[in-house]
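Engineer: Okay, here's the prediction I keep looking at, along with the sequence it came from:
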Amino acid sequence: MRILVADTFPEASLNELAELGNECFYRPDTGSEQLSEELSGCEVLVVRSTRVPAVVLDNAEALRLVIRAGSGTNTIDRAAASRNGIHVCNVPGRNATAVAELAFALLLALDRNIPDNVADLRAGRWDKRRYSRARGIHGRRVGVLGLGGIGLEFAARAAAFGTHVHAIDNPERGQRESDRAAAIGIDFVHSLDELARTCDVLSLHLPLTENTRHLVDRDLLAQLPPGAILLNTSRGELVDEDALIEAMETKGVRAGIDVFTAEPESSSGTIDSRLAAHPNVYGTHHIGASTEQAQHAVASEVVRMIDAFGTGTVLHCVNEDTLREKAPRRVTTPAPSGGAS
C-alpha cells in the first residue's frame, strides 16, 4: 500500500512498514493545506496533530484508511470520512502513561510555583519568602473527570502521593476499569457538580464530543472552591476559556493546561491566547503524549494496524457505525515490494 505519514514518526517504524511491502512517504511538516497534493495515490494516511478536513477526504480518491497516532480523533472530519467510505482509526491507550505524567507534573508545578522559581533564578532574583508558601499535595481532594486509560493512570499517581481521589459513579463502567478504580481506592460521587464541589483539584481526561464541548463552563467553575486547580491535558474545547479566565480573576482558580483552542496547526509558530498568557496558568505546548516511550509504543501499534488492514482487518475503527451506511472502500493486498521515501 502507499502510505503518507504526515507527522513525526520513528524511523524504525517507517522501516518496518517498508519491510512489510508498503511504499511510505514521510512528510512530517505537511499541513492541512498540503494534504490533498501529498495524498495523491495514497491509500493510508497517518497523522498526529495535522488536521484532516472534509475537503481533503472528499478529494482523496485512493484513500481508504486514516490513522490518528493517538487517542483523540476530533482533528479528523469523521462524517466526511464515512461519507467517502474511509475508515478512521485511533491508537487508544498507548500514550496514557505519558499524558498522566504531564498532568501530574503540572499539578506539582502549580503547587510549588516551579516555573516562576526557575524564571526568577535565571533573572538573578532570590525570593525564598515568596516561594516558601505552598499548600502541598498530600491529603488534598483530587477529582478525575474521565476514567479511561489516561484518567486511571493519573488517578494512580495522585493516590500514590496521598491524595483523596474522587470520580463520578458510572454504572456502565466496564469491569476492568471498575476493578482498577477499586484497587486505586477511588471514591465515587453522583454528579459533575458534586465532584466540583468536593474537590480542590479537577483533572480532565475526556474526549471532545458535542456533549463534552465547554463542559467546564461558568456554572461548573462556580462550584469549585476558591483557589482550586484545574488541569486539562485532553482537549482545549472542553473548557470555556473566557469563563475560566473570569474564575481565575474572581476566585483565584489556577490552571495547568496542555491544550488550547487557539493552538497553531504547525508544530512551531505563534499563539494568540488570553488563557495561555494568564499569570494563573502554567501551560505547555500540547506535549502530553510526546515522550519517546509513548511515541514508540504508538508507532508500533500503527504498524500492526496497517499490516492488519492490508489483510482485511480493521483495528480500532471509530466510525464503524456510520460507515455501515456506505460500503467502505475495498481493502487490497499490500504491494510485494516498496520502501520509504
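Structural biologist: That came through fine. Numbering: from 1, shown residues only.
Engineer: Could you use CA atoms for every contact and neighbour count after this?
Structural biologist: OK.
Engineer: How is this structure divided into domains?
Structural biologist: Taking automatic domain parsing as the reference, the chain has its domains at 2-94+292-323, 96-283.
Engineer: end to end, how far does the shortest one reach?
Structural biologist: Which is domain 2-94+292-323. Using CA to CA, to the nearest Å, the end-to-end distance of domain 2-94+292-323 comes out at 22 Å.
Engineer: before we move on, what about stretch 231-238?
Structural biologist: 11 Å.
Engineer: what pLDDT, on average, does that stretch get?
Structural biologist: Regarding stretch 231-238, the rounded mean pLDDT is 97.
Engineer: can I get the domains of the chain in CSV with mean neighbour count?
Structural biologist: Listed next are the domains of the chain as CSV, based on neighbours: other CA atoms under 10 Å:
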stretch, mean neighbour count
domain 2-94+292-323, 19
domain 96-283, 18
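Engineer: Mind listing residues that contact stretch 130-141?
Structural biologist: In this structure, residues lying in contact with stretch 130-141 by CA atoms under 8 Å, 6 or more residues apart in numbering are 108, 111-113, 117, 161-166, 198-201.
Engineer: Now do that stretch: distance to the chain's middle.
Structural biologist: 28 Å (CA atoms, centre = their mean, to the nearest Å).
Engineer: Same question for stretch 116-129.
Structural biologist: For stretch 116-129 - counting by CA atoms, centre = their mean - the centre lies 32 Å from the chain centre.
Engineer: what's the span of it, first residue to last?
Structural biologist: Distance between the two ends of stretch 116-129: 13 Å, counting by CA to CA.
Engineer: go on, stretch 110-128?
Structural biologist: Distance between the two ends of stretch 110-128: 16 Å, counting by CA to CA.
Engineer: what's the answer for stretch 263-279, then?
Structural biologist: End-to-end distance for stretch 263-279: 18 Å, by CA to CA.
Engineer: Stretch 134-150 now?
Structural biologist: 27 Å.
Engineer: What mean pLDDT does it get?
Structural biologist: For stretch 134-150, mean pLDDT rounds to 96.
Engineer: any weak-confidence spans in the stretch 151-300 of the chain?
Structural biologist: Residues of the stretch 151-300 of the chain meeting the criterion pLDDT under 70: none.
Engineer: where along it do the helices fall?
Structural biologist: Under the criterion DSSP state H, counting those that start in this stretch, helices of the stretch 151-300 of the chain are mapped to 175-184, 192-198, 218-223, 241-251, 274-277, 292-310.
Engineer: Let's have those helices in a markdown table, adding distance to residue 130.
Structural biologist: Output for the helices of the stretch 151-300 of the chain, formatted as a markdown table (distance: least, CA to CA, whole Å):
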| stretch | distance to residue 130 |
| --- | --- |
| helix 175-184 | 35 |
| helix 192-198 | 29 |
| helix 218-223 | 27 |
| helix 241-251 | 20 |
| helix 274-277 | 21 |
| helix 292-310 | 36 |
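Engineer: out of these, nearest to residue 88?
Structural biologist: With CA to CA as the measure, helix 292-310 is the member of the helices of the stretch 151-300 of the chain nearest residue 88 (11.6 Å).
Engineer: who does that closest one touch, helix- and strand-wise?
Structural biologist: Packed against helix 292-310 by the contact rule (3 or more CA pairs under 8 Å, 6 or more residues apart in numbering; DSSP states H and E) you find helix 11-19, helix 96-112.
Engineer: switch the cut-off to 7 Å
Structural biologist: Counting contacts by 3 or more CA pairs under 7 Å, 6 or more residues apart in numbering; DSSP states H and E, helix 292-310 is packed against helix 11-19.
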